[in-house]
Structure formats: C-alpha cells, structure tokens
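K.L.:
Fold the stuff below for me.
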Amino acid sequence: MLETRDLTIRFGGHVAVDHVSCAFQPGTLTAIVGPNGAGKTTYFNLISGQLPASEGQVLLNGLDITRLPVSARTHLGLGRAFQLTQLFPALSVLENVRLAVQSRRKLGLNLWSVWLDHRGTLRQARELLEQVRLDDKAETIASSLPHGDQRKLEVAMLMALDPLVYMFDEPTAGMSVDEVPVVLDLIRALKARQDRTILLVEHKMDVVRELADRIIVLHNGRLMADGEPEAVIASPVVQNAYLGVVEEVAA
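P.N.:
Numbers count the residues shown, from 1 in each chain. So this is what the prediction gives:
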C-alpha cells in the first residue's frame, strides 16, 4: 500500500534521511524506532509531505505522490497524527471532529450539502468522541483541554478521516498512565480491521513489543534493521549499536 524508494533529505551537508527503502502492507503495524536524532520524525515528514524529498520516491498504491502537497496526500489516504498536536484551538472539541468528518465526506464549502448532512456529520463526530472518551467534553474549547485529552482529540480527528495509512508519531507522549490505554486500544482496533496500514514512531519498547508486527530501526538517517520484533530486538547489530539507548529511554 505504501512504499518509499531511496527516500533522502539533506539539510546543507547533513543527510537526515539517507536512501531509505521500505514497503508497508495493509493489515500490518510497523514500529519505527531509533535514538533521538535518528531521522524517525523526518522520515514521517517526508512520507506525509511536510518536507520535500531531496531524492527518492513515496508511492501510495503504486502512485508516485512524492511531489504532491500534504492536502492531496491526505485525500488519497495518508493520515498523520503529530508528535505535537495539530488542532483548531479556538473551536470546540465537537467542531474539531465534525470538520474532519466533513472533510472526509468532501462537502467542502458547499453550504447546501453541509446543511443537508449536518446531522449526519454531528452524529458521526459524537460517536468518535465516545470512542476516545471525550464525549463529556464535546463543547469544551480545544485549547483548554489538558495535553492528554488534546492527543485523544487528534486521534479522533484522524479516525474521522478514515485513511488507508495511519501514521502515529509518539501517540502516547505526555499522557498520564490512565490515559495511555485509551489510545492503545484504538490502535489495536484499527490493526484488527486488517485493511489499514499503520506506522508507529514510539520510544516505549513495551508498547512496540505488544503492538508491532514489524520493527524498522533508523540510525543516523539510515535503515539499520528491518524484521519481526523478536528478531530485530535480538539482532547483535541492534543490541550493540542501538538497543541500549532504547532501553534507557523506555526505563
């Protein structure tokens, strides 16, 4: 469903992502791990279009989307949740999700269509808020939510888009112990559908071990390892060059 071929970006003389080639299949969850500065979020930014590639390609269902803007990639089925939340801060929780539902239904600014489907979009938005346990905060202004709730709201907005590819960049960062299971349960449910591709950047190795079908390891922008979790974690190369850093972060 998703593939990168020799994907590369340079900032001056620094190569942040260095000819990374990977293919990601529907029904799988791939964890992308590596120490700070390894290129994980930059790789995400190249895939989702926040950064332009210096070399290489990004393909979605065989279509070269390397030069397409973020909005076009989103409409083709790439969905991204950020390490820092991306919300409409002055709008209510419900309105944030409703706008995402409306975007998915491609109602745009056609006011007649919006009016006709208003009840339907609101109903779906409320259902999504129930799933992330924010239904009791539907009328709250998004900017006033605690950080953990803002993360859950962003996940609800991403689910409203129902993309082919879900990209989660440290989805549980900044959440309390009580909040983390809500987001992990949602990711498990998406994975159980078996028809979506999920990419997950995550530092917590217990989460990676539980959820991932596959791990890829980036180090200095290069693909160091790629395979089933147990094999990658046990790899001498990863053990010597990387895993100690992960375990220290996870601890």
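K.L.:
For stretch 21-41, buried residues please.
P.N.:
22, 24, 28-35, 38-41 (16 or more other C-beta atoms under 10 Å). For every residue, glycine as well, the C-beta is placed using N, CA and C.
K.L.:
quick one: that stretch to chain centroid distance?
P.N.:
10 Å (C-alpha atoms, centre = their mean, to the nearest Å).
K.L.:
quick revisit: minimum pLDDT in the buried residues of stretch 21-41, which residue is that?
P.N.:
In this model, the minimum pLDDT among these belongs to residue 35 (81).
K.L.:
and that one, backbone torsions?
P.N.:
phi -70, psi 170 (degrees, to the nearest 10).
K.L.:
Touching, it and residue 219? I think so.
P.N.:
Yes. If you go by C-beta atoms under 8 Å, residue 35 and residue 219 touch, sitting 7.0 Å apart.
K.L.:
ok, the buried residues of stretch 21-41 vs residue 208, which is closest?
P.N.:
Using C-beta to C-beta, residue 31 comes nearest to residue 208 of the buried residues of stretch 21-41, at 4.4 Å.
K.L.:
what's the farthest-apart pair in the buried residues of stretch 21-41?
P.N.:
Going by C-beta to C-beta, the pair spanning the buried residues of stretch 21-41 furthest: 28 and 35, at 24.0 Å.
K.L.:
can I get the buried residues of stretch 21-41 in JSON lines with distance to residue 186 and secondary structure?
P.N.:
Conversion of those to JSON lines gives the following (distance: C-beta to C-beta, whole Å; DSSP: H, G, I helix; E, B strand; the rest coil):
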{"residue": "22", "distance to residue 186": "24", "secondary structure": "strand"}
{"residue": "24", "distance to residue 186": "19", "secondary structure": "strand"}
{"residue": "28", "distance to residue 186": "17", "secondary structure": "coil"}
{"residue": "29", "distance to residue 186": "12", "secondary structure": "strand"}
{"residue": "30", "distance to residue 186": "17", "secondary structure": "strand"}
{"residue": "31", "distance to residue 186": "16", "secondary structure": "strand"}
{"residue": "32", "distance to residue 186": "19", "secondary structure": "strand"}
{"residue": "33", "distance to residue 186": "21", "secondary structure": "strand"}
{"residue": "34", "distance to residue 186": "24", "secondary structure": "coil"}
{"residue": "35", "distance to residue 186": "27", "secondary structure": "coil"}
{"residue": "38", "distance to residue 186": "26", "secondary structure": "coil"}
{"residue": "39", "distance to residue 186": "27", "secondary structure": "coil"}
{"residue": "40", "distance to residue 186": "21", "secondary structure": "helix"}
{"residue": "41", "distance to residue 186": "21", "secondary structure": "helix"}
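K.L.:
What is the nearest of these to residue 140?
P.N.:
Among these, and counting by C-beta to C-beta, the member closest to residue 140 is residue 41, at 28.6 Å.
K.L.:
That closest one against residue 201, yeah?
P.N.:
Yes. With contact defined as C-beta under 8 Å, residue 41 counts as touching residue 201 (6.5 Å).
K.L.:
Can you tell me the SS state at residue 158?
P.N.:
At residue 158 the chain is in helix, as set by DSSP: H, G, I helix; E, B strand; the rest coil.
K.L.:
Surely it and residue 79 touch.
P.N.:
Yes. Here residue 158 reaches residue 79: they are 4.9 Å apart, a contact under C-beta under 8 Å.
K.L.:
Kindly point out which residues are neighbours of both of those two.
P.N.:
residue 166 (C-beta atoms under 8 Å, 6 or more residues apart in numbering).
K.L.:
ok so, going back, please convert the buried residues of stretch 21-41 to a markdown table, extending it with distance to residue 101.
P.N.:
A markdown table is the format used below for these (distance: C-beta to C-beta, whole Å):
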| residue | distance to residue 101 |
| --- | --- |
| 22 | 31 |
| 24 | 26 |
| 28 | 27 |
| 29 | 24 |
| 30 | 27 |
| 31 | 29 |
| 32 | 28 |
| 33 | 33 |
| 34 | 34 |
| 35 | 38 |
| 38 | 35 |
| 39 | 34 |
| 40 | 30 |
| 41 | 27 |
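K.L.:
Appreciated, that's everything.
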